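Student: what's the 3D shape of this:
(one chain, ligands or ions: 3)
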Amino acid sequence: MWIFGHSKHISPALDKSGLIPVHIAIIMDGNGRWASKRGLPRNAGHREGANTLKRIVRICDEIGVKFLTVYAFSTENWNRPKDEVDALMSLLLEFLKNADNELAGKNIRIRVIGESEGLSNEIKKEIARITSNTMNNTGLTLLIALNYGSRTEITNAAARIAREVKRGTLNPEDINEKLFSRYLYTSDIPDPDLVIRPSGEHRISNFLLWQSSYSEFWYSDILWPDFSKKYLIEAITEFQRRNRRFGGL
Ligand code: IPE
Ligand code: IPE
Ligand code: MG
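Tutor: Ligands and ions are numbered 1, 2, ... in the order given. Predicted structure coming up:
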C-alpha cells in the first residue's frame, strides 16, 4: 500500500536539508480567469486570491522563508476599467486593515513597495500604520508590491541620484551597482532567489527587473486562487535542483 504514498496526487514532502530560498517573489496572476471559469465576476477571483495570499504567507513563514514579495497591483493595472481598479483598491485596503490580526500575530513584518503617489489617503494611512505596527516583528518579511513598476522604480532611483550629484552631495565616480540598488524600494532586502508566476503567462510584467537578474523562475498553469502548499513545495523542490552559476562555472 505504501506505494500510493508516491502517487502524484499527494504533495511531495519538502527536503528541509536542501536550500530554502531566502527570498521568494510571486506574481499573483490569474484571478480573473479563475472567476470567469466559474461564471463569477472577476472581483470574486481577486477576493479568493487575497485568501490564497494569507495562506501562502503563513506557509512560507513556517518553511523558514525570510522574505516574500508579492505583486498585488502594477503601475499598468491602472489601465483596467475603473470598477475593477476600485474593487482591487478596496480589497487591498481591507487586506491591510486585517493584516495585523491575521498575520502579525504570526510575527510577520509587513512593508509595501511601490509609488505612494496615486494611492488614496486611506490606503496611505493604512500602509503607514501596518508598517510601523509590524516593524519590530522578527518573522517573515512580507513585501506587498502595490502601485509597483520596475521601470518607475529604476527611473526614480536615477532621478534621485542625479539630484544628489547636482546638489554636490554625490560624486558620479561613486555610482556603482551597490550604490544604485540602495536607491530602489528594496534597498535593504536581498534579491529574490526564486520568482514564481502562476496563470500560464511566461513574462515578468515589469516586476523586480533589477532585483531578479539572477533569480530562478518557476512557471505554472495553475491560477493564483488555486495556488497551494503543494505548488509552493513543487517550486522550491525544483529550485533546489537548479544549478545557479551567476555567470561563473
Ligand atoms: C492578478 O489577476 C491580479 C492583478 C493583476 C491585480 P488578474 O486580474 O490579472 O487575472 P487574469 O490574468 O485576468 O486571469
Ligand atoms: C501582473 O499581472 C501584475 C500583478 C499580478 C499585480 P497582469 O495580469 O497585470 O500582467 P499581464 O498584463 O498579463 O502582463
Ligand atoms: Mg493577469
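Student: going forward, measure contacts and count neighbours with C-alpha atoms only.
Tutor: Fine.
Student: T131 falls within a helix, correct?
Tutor: Yes - the assignment for T131 is a helix, going by DSSP: H, G, I helix; E, B strand; the rest coil.
Student: for it, give me its contacts.
Tutor: For T131, the contacting residues are 109-112, by Cα atoms under 8 Å, 6 or more residues apart in numbering.
Student: I'd assumed N77 was in contact with L146.
Tutor: No - if you go by Cα atoms under 8 Å, L146 and N77 don't touch, sitting 10.1 Å apart.
Student: still on that earlier bit, which of the contacts of T131 lies closest to S36?
Tutor: V112 (29.1 Å; Cα to Cα).
Student: tell me what the residue nearest to that closest one when sequence neighbours are not counted is bridged to.
Tutor: Nearest non-adjacent residue to V112, counting by Cα to Cα, 6 or more residues apart in numbering: I144, 4.6 Å away. Taking DSSP bridges as the rule, I144 bridges to V70, V112.
Student: for I144, what are its contacts?
Tutor: Contact partners of I144, counting by Cα under 8 Å, 6+ apart, are 69-72, 110-113.
Student: same deal with R42?
Tutor: 31-36, 84.
Student: what does the protein have sitting close to ligand 2?
Tutor: 27-29, 71-74, 77, 205 (Cα under 6 Å from any ligand atom).
Student: who wins for most neighbours among the contacts of I144?
Tutor: Neighbour counts for the contacts of I144 (other Cα atoms under 10 Å) peak at I110, which has 26 neighbours.
Student: could you measure from that one over to A145?
Tutor: According to Cα to Cα, to the nearest Å, I110 and A145 sit 11 Å apart.
Student: then N107?
Tutor: 20 Å.
Student: dead centre of this protein: give me the residue that sits there.
Tutor: V70 (1.7 Å; Cα atoms, centre = their mean).
Student: surely it and G49 touch.
Tutor: No - between V70 and G49 there is no contact under Cα under 8 Å: 11.5 Å.
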